[in-house]
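In: build me a model:
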Amino acid sequence: MVDEYEEEEEGGQNRLFVTLAIALIGLLVLGLLGVGAVFIIRQNIDQQDVAAQPSPTLLIRLPNPTATLVPVAKIPTNTPMPTPTNTPVLGPDSNKGQEAAVGNKQENTPTPKPAPTRTPAPSGAPAGATTVVPETGFGGFEAALIAVGLAAVLFIARRLRMSM
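Out: Numbering: from 1, shown residues only. Okay, the predicted model is just below:
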C-alpha cells in the first residue's frame, strides 16, 4: 500500500514536470518564431530599399526652346482711394503756445527709464532660483532595491520548491 502511494505521488510530480516542460518548449518555439519573423521583416525592408533605389534610364535630350517675348495687354484695376477724415493738422509753430501756457514743463521732466520685467517662476521655487531638468531613470538606490527584491523572489521560490 505504501508503494502505491509513493508511485501516485511521483506520478503527480512527473505530470507537473511534463506540463512545465511542455510549457517551456512552447515558449521556446514562440521565441524562435519571433526571431524568424524579425529576420523576415528585416529582409523585406532591405528588399524595399533596393527597389526604391533609382535604376539607370536612358535620357533623351531635346533642344531647348528659345524664349520669346509676348506682349500682354495691361488691364486697369479699380483701386479705391482712402476715405478722408476730419483730422486737424498742427503746424510746427502750434506747440509754442501750449508750452508758454503750461510753463515749459518739458525741461523739468526726467526721461523715463525702462523698468525690468518680471518673468514667472515655477511654483514653489524661490525668486532667484534657476530651473533644472529632473533626472530620469533609475538611480543607484532604486537599482539596489530592485536587485534585493529579485534576490528575495529567487530565495522564496527556492524555499517553496524545496518544501514540496
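
In: so how far is the helix ranked longest in the chain off the chain centroid?
Out: Taking DSSP state H as the criterion, the chain has its longest helix at helix 2-52. In terms of Cα atoms, centre = their mean, to the nearest Å, the centre of helix 2-52 is set 37 Å apart from its chain centre.

In: tell me, what residue is most central in this protein?
Out: T136 (15.3 Å; Cα atoms, centre = their mean).

In: residues near S55, how many?
Out: 5 (other Cβ atoms under 10 Å). Quick note: C-beta positions are derived from backbone N, CA and C, even for glycine.

In: now do D46
Out: Applying other Cβ under 10 Å, I find that D46 has 10 neighbouring residues.

In: separation between it and I40?
Out: 11 Å (Cβ to Cβ, to the nearest Å).

In: repeat for A51
Out: For A51 relative to I40 (Cβ to Cβ), the value is 16 Å.

In: try M164
Out: On the measure of Cβ to Cβ, M164 and I40 end up 42 Å apart.

In: so what's the residue count around A157?
Out: 10.

In: so what pLDDT did it get?
Out: A157 carries a pLDDT value of 91.

In: which strand or helix spans it?
Out: Per DSSP states H and E: A157 is located in helix 140-163.

In: what do you get for E135?
Out: Using DSSP H and E, no helix or strand contains E135.

In: what pLDDT does it get?
Out: 73.

In: and for Q106?
Out: 51.

In: repeat that for G149.
Out: 95.

In: try the one 3 residues further on
Out: As summarised for this prediction, A152 has a pLDDT of 95.

In: what's the burial count for it?
Out: Residues contacting A152 under the criterion other Cβ under 10 Å number 10.

In: what of the one 4 residues further on?
Out: Around I156 there are 10 other residues, counting by other Cβ under 10 Å.

In: mean pLDDT per helix and strand in the chain: which one sits at the bottom?
Out: Lowest mean confidence among the helices and strands of the chain (mean pLDDT, DSSP states H and E): helix 94-102, at a mean of 53.
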